[in-house]
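[1] I'd like to go over a predicted model; first the sequence, then the structure.
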Amino acid sequence: MNKPVTFDENGGASWTQEAGDQYVATGVDRSGKRFVFTGSNWRHIKCINIWQGSRWLLRNGKRFLIERVCN
């Protein structure tokens, strides 16, 4: 399977949404515990305030990195 997420020269990610795509947010909460949140709406996942985590595209059971957050 080809990687569905491509990156431009500025580091911006792009992909073509398909039926059944899910999005995953991972990170660390305020007490230091890891969390995973899955949803079908990219805008919802994009608006989650993540500390030291990542946002992923979940397609056919595989994760593809969209964005890594290091703060």
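    Received, thanks.
[2] tell me the phi and psi of residue 44?
    phi -70, psi -50 (degrees, to the nearest 10).
[3] mind listing the strands for this protein?
    6-7, 13-14, 22-28, 34-39, 53-59, 62-69 (DSSP state E).
[4] So which of the ones you listed is nearest residue 46?
    strand 53-59 (7.0 Å; C-beta to C-beta). For every residue, glycine as well, the C-beta is placed using N, CA and C.
[5] can you list the residues that contact that closest one?
    4-5, 15, 18, 20-28, 38, 45-46, 63-69 (C-beta atoms under 8 Å, 6 or more residues apart in numbering).
[6] can I get the strands of the chain in JSON lines with mean neighbour count and mean pLDDT?
    Shown next, in JSON lines, are those (neighbours: other C-beta atoms under 10 Å; pLDDT from 0 to 100):
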{"stretch": "strand 6-7", "mean neighbour count": "12", "mean pLDDT": "94"}
{"stretch": "strand 13-14", "mean neighbour count": "12", "mean pLDDT": "95"}
{"stretch": "strand 22-28", "mean neighbour count": "19", "mean pLDDT": "96"}
{"stretch": "strand 34-39", "mean neighbour count": "12", "mean pLDDT": "96"}
{"stretch": "strand 53-59", "mean neighbour count": "20", "mean pLDDT": "97"}
{"stretch": "strand 62-69", "mean neighbour count": "15", "mean pLDDT": "96"}
